[in-house]
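A.B. asks: Got a predicted structure plus its sequence, pasted below:
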Amino acid sequence: MTARIAFIGGGNMASSLIGGLLANGANPSSITASDPNTEQQQNLKQQFSVNVTGDNNQAIAQSDVIVLAVKPQLMAVVCQAIADAGNDLSSKLFVSIAAGVSVKRLKSLLGEQVAIVRTMPNTPALVGRGMTGLYAPADVSQEQNASAEQLMQAVGETCWVENEDDINHIIAAAGSAPAYFFLFMEAMQQQAEQLGFSPEQARSLVQQSALGSAELVAANPDLDLATLRANVTSKGGTTAEAIRVFEEQGLRKVVANAMDAAVERGREMESLF
Ligand SMILES: NC(=O)C1=CN([C@@H]2O[C@H](COP(=O)(O)OP(=O)(O)OC[C@H]3O[C@@H](n4cnc5c(N)ncnc54)[C@H](OP(=O)(O)O)[C@@H]3O)[C@@H](O)[C@H]2O)C=CC1
Ligand SMILES: O=C(O)[C@@H]1CCC=N1
């Protein structure tokens, strides 16, 4: 039997996962999204034809796998209300996608016996190109681990980590990463417009270059990234000049500092939420 999945919180990341699951052949009737915002419920219903509700406990009662997809700062109040409802959670698998909320914290809210896999997906899940890190404490069964992995593999690739703190490293390298690429593309689009292209032309130039580059990387697993870069960089040519500016102005250090800041914020959130 296919698992029935509830999303507690139907925002950006839940929508990306739902869209990816449906594109991968999931039946919309097996998915319930719970969100207090009726407009958001209507959007989800219209876009995906999944079941929608504003009642988290109803969504949980009719599902086997519960994806906790609210903002980290709301997780405590949402989980406490789930626990207080007194429903039997022993047969459910909880999959948290929240940054900055530890398994220990979730168990203290939901109950020590509740099975929880902590994950960190990213929004390209919507187009089946997600990257998800997963961490499971020792009390989660192999079967439950496999269910969580199957859920995330339906929308992209997965990477298990053995230590929970490594989820913060996954955030830096994958969960937050789409935003880094979008920022870089945004900056390129802006400059392409300065060079005289229309916004549409500028977007198309940048978009196709990014897409083509990512596909080249994926198609050449044996070539390291430095070699792919060298293949573009003719000696004494234009790329060499652009790369010189990136290197001289400290791009690598900026990237390292930004990723470290994401890790630190993930850890800090764990002490706050
Ligand atoms: N966005 C991303 O790229 C990623 C996000 N995540 C994690 O996913 C989680 C959600 O993030 P994101 O989707 O961006 O956030 P969103 O704000 O887009 O989604 C959260 C949704 O939860 C709804 N909500 C608020 N209160 C409740 C409640 N009591 N019960 C059920 N739903 C509620 C919100 O409604 P309303 O807006 O009306 O408050 C909103 O629609 C976070 O924990 C984040 O760390 C993980 C990986 C990547
Ligand atoms: O910005 C955040 O906190 C979440 C987690 C990773 C991506 N978005």
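C.D. replies: Great, that's in hand. Ligands and ions are numbered 1, 2, ... in the order given.

A.B. asks: anything in stretch 54-72 near ligand 2?
C.D. replies: No: against ligand 2, stretch 54-72 shows no contacts by Cβ under 6 Å from any ligand atom, the least distance being 7.1 Å. C-betas here are computed from N, CA, C, even on glycine.

A.B. asks: how long is that stretch from one end to the other?
C.D. replies: One end of stretch 54-72 sits 19 Å from the other (Cα to Cα, to the nearest Å).

A.B. asks: Buried residues in that stretch, which are they?
C.D. replies: Neighbour counts over stretch 54-72 (16 or more other Cβ atoms under 10 Å) mark 56-60, 63-70, 72 as buried.

A.B. asks: And for stretch 176-184?
C.D. replies: Per 16+ other Cβ under 10 Å, stretch 176-184 contains these buried residues: 176-178.

A.B. asks: Out of the residues you listed, which are close to ligand 2?
C.D. replies: residue 176.

A.B. asks: tell me the centre residue of this structure?
C.D. replies: The centre of the chain sits closest to residue 122, judged by Cα atoms, centre = their mean, with a distance of 2.0 Å.

A.B. asks: residues touching the residue in the stretch 151-273 of the chain that ligand 2 sits nearest to, list them.
C.D. replies: Using Cβ to the nearest ligand atom, the closest approach of the stretch 151-273 of the chain to ligand 2 is made by residue 175 at 3.5 Å. Contacts for residue 175 (Cβ atoms under 8 Å, 6 or more residues apart in numbering) come out as 99, 120-122, 133.

A.B. asks: For residue 263, see how far away it is.
C.D. replies: 11 Å (Cβ to Cβ, to the nearest Å).

A.B. asks: what's the nearest residue to residue 81 if we skip its chain neighbours?
C.D. replies: residue 56 (6.9 Å; Cβ to Cβ, 6 or more residues apart in numbering).

A.B. asks: Mind pulling up the pLDDT for the one you found?
C.D. replies: With respect to pLDDT, residue 56 scores 98.

A.B. asks: The chain should start at 50 in everything you say after this.
C.D. replies: Sure, I'll start counting at 50 from here, so that last one is residue 105.

A.B. asks: now it: how far from residue 118?
C.D. replies: 11 Å.

A.B. asks: Which neighbours do the two have in common?
C.D. replies: Residues touching both residue 105 and residue 118 by Cβ under 8 Å, 6+ apart: residue 57.

A.B. asks: Closest one of the contacts of residue 224 to ligand 2?
C.D. replies: Using Cβ to the nearest ligand atom, residue 148 comes nearest to ligand 2 of these, at 3.8 Å.
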